[in-house]
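Chemist: A predicted structure for the sequence below; I have some questions about it.
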Amino acid sequence: MVGAEVDAIVVGAGFGGMYQLYKLRELGLKVQGFEAGTDVGGTWYWNRYPGARCDIPSLFYSYTWSEELQREWRWTEKYAAQPEILRYANHVADRFALRPLIAFETPVLSATFDEAADRWRVVTDRGDEVSARWLIMATGCLSTPRAPAIPGVESFAGETYHTGAWPHEGVDFSGKRVAVIGTGSSGIQSIPEIAAQADQVTVFQRTPNFSIPARNTPLTDKDIEAFKAMYPQYIAMIKGPGMGFGGGSAELPIPDDEAQRKRYEELWAIGGAGFLAAWGNLLTSIEVNDRAAGFVRDKIGELVSDPATAEALSPRDHPLGTKRICVDTGYYETYNRPNVTLVNLRQTPIEAIEPHAVRTCAATYEVDALVFATGFDAMTGAMLAIDIKGVGGADFREAWAEGPKAYLGLAVAGFPNLFLITGPGSPSVLSNMINSIEQHVEWISDCIAYMREKGLTRIAADPTTQEAWVDHVRQVADKTLFPRAASWYMGANIPGKPRVFMPYIGAGYRQTCNEVAAEGYRGFTLGKVHADAHAS
Ligand code: NA7
């Protein structure tokens, strides 16, 4: 592929990359996809840990761009498990013949903008060198797993796993003593499953998280009929002006304590992340949030038999929902099993990992396997792993050294013709990712179509407009409780990463993007390379 020329390169073959490839091919572009994995699926390709499951109901976690696809595919559960979502991704790849467009097992190493040609030169680890006018980064928000540098970790003699890079053949923990480090979504989903199989599980928890029961059920024909009946309203809602975080309930809590509790009981009984939509100000009023958080802590107390364990599992250091809310199946109850022990690292930190044990300052826990459920370098890790050079040799890593900066979360000043799918500064991880992916892919595709129609070859975000957007993203976040948590939304899980609230939490995001496009790409500079008579 050395020296090859295409119109567009799409990096990543998850849900973002697949739809982007489809759309650009529809536009008549010659496209090339690159993917590090051996197949499609992105997040759902890598995160194969036991219990991995979507926390958005399956019927909503589906592409909306193809009616045939909607009709053909039938989800089996309210919340689909990872294997089913991966089957869906594979079905899409087959159904729309996407695989021939993708070079698998081919990580992109670098991308350099050629100012004379308005083209990106992309180099892969297989030695490919491909030039393209458009470079679309569908690299995912949770795609760079990270494991903490605990002293002695390399000396561990047993098996070591990371939930975000789970072996494809699965793992059999039967008869094993397993240590799980980390209690975010991945830990909370996997611990009950591992505990059901392993001989012993020791959970090393630094910070407890709030988790709401999923109350997952099989989907019935009746559920599917009901969904079909409300589908037009659903589409109108996601494409409407409200999309973005401000689109939720506007209702404020009734002052009456009992009435509030009743609402929480109802939402707890329904289950799922919808708990956060209890009131319009749950994520802006600490008083309201405290009551909701207290309700969940009471539930933990009811579910966990040992009071000391229940207290250790009860979050008190961050408002409810300001770290990603977890959705579980039997998580708290798992601590009632005789083969599960919780170690509170706030009281007894890990000192070292030894060849056959995890040692805290208080005890040594002998284990056969270590599971790191320690999360990701979220939202920026995958981009910063690639050596990207823009106009005048501008270094992408330097451009984001103080935290990620992107106009609308879609484009970065100094790096023309490069687009991010669900980048920092867009609703992204705070929204239904599939909806946000579709919105970005369609906006990017419309933009490329517009450029080609006008014979233009370069589109670049204006630095001042970008700065204003980044300020706006921060100001909106500062009005909420989110900055109070040391979350991965804030970059707080990575030592040295700038503390910036990365997703956009304001209302009307889709409308803003539409207006920017309708006004001839307001906030962007559009141009044409002289030597290139044929815009591609
Ligand atoms: P998360 O949510 O980032 O959780 C990682 C967990 O690992 C969290 O409990 C961390 O505790 C813990 N952690 C990280 N480093 C350490 C060390 N050094 N020692 C002990 N514990 C540690 O990642 P997930 O994979 O669970 O979920 C990511 C997203 O994927 C999730 O939000 C969903 O959107 C899907 P901490 O809180 O930092 O004290």
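Modeler: Done, it's in. Numbering: from 1, shown residues only.
Chemist: does residue 103 have beta-bridge partners, and which?
Modeler: Residue 103 forms beta bridges with residue 34, as assigned by DSSP bridges.
Chemist: correct me, but it touches residue 130?
Modeler: No - look at residue 103 against residue 130 with C-beta atoms under 8 Å: they stay out of range, at 9.1 Å. Every C-beta, even on glycine, is put in place using the N, C-alpha and C of the backbone.
Chemist: If you count surrounding residues, which of these two has more?
Modeler: residue 130 (22 against 16; other C-beta atoms under 10 Å).
Chemist: how close does the more buried one get to residue 4?
Modeler: 5 Å (C-beta to C-beta, to the nearest Å).
Chemist: Identify the contacts common to these two.
Modeler: Residues touching both residue 130 and residue 4 (C-beta atoms under 8 Å, 6 or more residues apart in numbering): residue 32.
Chemist: I'd like the distance between the residue lying closest to residue 160 once chain neighbours are set aside and residue 88.
Modeler: Spatial nearest neighbour of residue 160, chain neighbours left out: residue 370 (4.7 Å); criterion: C-beta to C-beta, 6 or more residues apart in numbering. As for residue 370, its distance to residue 88 is 31 Å (criterion: C-beta to C-beta).
Chemist: Residue 46 too?
Modeler: Taking C-beta to C-beta, one finds residue 46 at 16 Å from residue 88.
Chemist: Compare neighbour counts for the two and give me the winner.
Modeler: With neighbours defined as other C-beta under 10 Å, residue 46 and residue 88 compare such that residue 46 has more, 24 against 21.
Chemist: near the ligand, which residues of the chain?
Modeler: Counting by C-beta under 6 Å from any ligand atom, the chain comes close to the ligand at 142, 148, 163, 181-187, 204, 206-207, 324, 345, 373-376, 488, 493.
Chemist: Can you flag which of those residues belong to strands?
Modeler: 181, 204 (DSSP state E).
Chemist: Against the ligand, how distant is residue 523?
Modeler: Plainly put, residue 523 is 30 Å away from the ligand if you go by C-beta to the nearest ligand atom, to the nearest Å.
Chemist: Hmm, that residue is touching residue 467, no?
Modeler: No - in this structure, residue 523 is not within contact of residue 467 by C-beta under 8 Å, at 10.6 Å.
Chemist: Show me which of the two is the more surrounded one.
Modeler: Just comparing residue 523 and residue 467: by other C-beta under 10 Å the higher neighbour count belongs to residue 523, 17 against 13.
Chemist: List the residues that contact the more buried one.
Modeler: Residue 523 neighbours (C-beta under 8 Å, 6+ apart): 407, 461-462, 465-466, 469, 516.
Chemist: Equivalent analysis for residue 418, please.
Modeler: 111, 113, 120, 135-137, 388, 390, 411-412.
Chemist: same thing but at 6 Å, please
Modeler: residue 135 (C-beta atoms under 6 Å, 6 or more residues apart in numbering).
Chemist: Residue 481 too?
Modeler: So residue 481 contacts 283, 289, 319, 322 (C-beta under 6 Å, 6+ apart).
Chemist: Then residue 314?
Modeler: 297, 300.
Chemist: what's the answer for residue 110, then?
Modeler: Per C-beta under 6 Å, 6+ apart, neighbours of residue 110: 123, 387.
Chemist: Go again with 7 Å.
Modeler: 123, 386-387 (C-beta atoms under 7 Å, 6 or more residues apart in numbering).
Chemist: same check, this time on residue 96
Modeler: Here residue 96 is in contact with residue 22 (C-beta under 7 Å, 6+ apart).
Chemist: try 8 Å
Modeler: So residue 96 contacts 18, 22, 66 (C-beta under 8 Å, 6+ apart).
Chemist: ok, now residue 272?
Modeler: Residue 272 neighbours (C-beta under 8 Å, 6+ apart): 55, 57, 79, 212, 214-215, 327.
Chemist: change it to 7 Å
Modeler: By C-beta under 7 Å, 6+ apart, the contact set of residue 272 is 212, 214-215, 327.
Chemist: if we can go back for a sec, from the contacts of residue 481, list just the buried residues.
Modeler: Among the contacts of residue 481, those scoring as buried are 283, 289, 319, 322 (criterion: 16 or more other C-beta atoms under 10 Å).
Chemist: which stretches of this protein have low pLDDT?
Modeler: When residues are selected by pLDDT under 70, those of the chain lie in 2, 241-250, 530-536.
Chemist: Repeat the analysis, applying 50 as the threshold.
Modeler: Within the chain, the ranges that satisfy pLDDT under 50 run 244-247, 533-536.
Chemist: Quickly list the domain ranges of it.
Modeler: Using automatic domain parsing, the domain parsing of the chain gives 4-144+378-463+506-535, 153-372.
Chemist: Out of the ones you listed, which gets nearest to residue 479?
Modeler: domain 153-372 (6.4 Å; C-beta to C-beta).
Chemist: Would you mind measuring the gap between the ends of the closest one?
Modeler: 11 Å (C-alpha to C-alpha, to the nearest Å).
Chemist: how far does that domain sit from the chain's center?
Modeler: Its chain's average C-alpha position is 16 Å from that of domain 153-372, according to C-alpha atoms, centre = their mean, to the nearest Å.
Chemist: sorry, back to before: which single one of the contacts of residue 110 is nearest to the ligand?
Modeler: Among these, residue 386 lies closest to the ligand (C-beta to the nearest ligand atom), at 21.4 Å.
Chemist: For the closest one, which non-adjacent residue is spatially closest?
Modeler: residue 108 (5.6 Å).
Chemist: hang on, isn't the one you found packed against residue 120?
Modeler: No - in this structure, residue 108 is not within contact of residue 120 by C-beta atoms under 7 Å, at 10.3 Å.
Chemist: chain center to the helix ranked longest in the chain: distance?
Modeler: With secondary structure taken from DSSP state H, the chain has its longest helix at helix 433-453. Distance of helix 433-453 from the chain centroid (C-alpha atoms, centre = their mean) equals 19 Å.
Chemist: Same check on stretch 94-109?
Modeler: On C-alpha atoms, centre = their mean, the centre of stretch 94-109 falls 21 Å from that of its chain.
Chemist: buried stuff in that stretch?
Modeler: 96, 98-99, 101-103, 106, 108.
Chemist: now swap in stretch 371-379 and tell me
Modeler: Quick answer for stretch 371-379 (16+ other C-beta under 10 Å): 371-379.
Chemist: For the helix or strand hosting residue 225, list every residue counted as buried.
Modeler: Element membership for residue 225, per DSSP states H and E: helix 221-239. Buried positions in helix 221-239, judged by neighbour count with 16+ other C-beta under 10 Å: 223, 227, 238-239.
Chemist: cool, stretch 400-411 as well?
Modeler: 400, 403-411.
Chemist: Make a markdown table out of these and add secondary structure and distance to residue 439.
Modeler: As requested, the buried residues of stretch 400-411 are exported to a markdown table (DSSP: H, G, I helix; E, B strand; the rest coil; distance: C-beta to C-beta, whole Å):
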| residue | secondary structure | distance to residue 439 |
| --- | --- | --- |
| 400 | coil | 23 |
| 403 | coil | 23 |
| 404 | coil | 19 |
| 405 | coil | 20 |
| 406 | coil | 15 |
| 407 | strand | 15 |
| 408 | coil | 11 |
| 409 | coil | 11 |
| 410 | coil | 10 |
| 411 | strand | 15 |
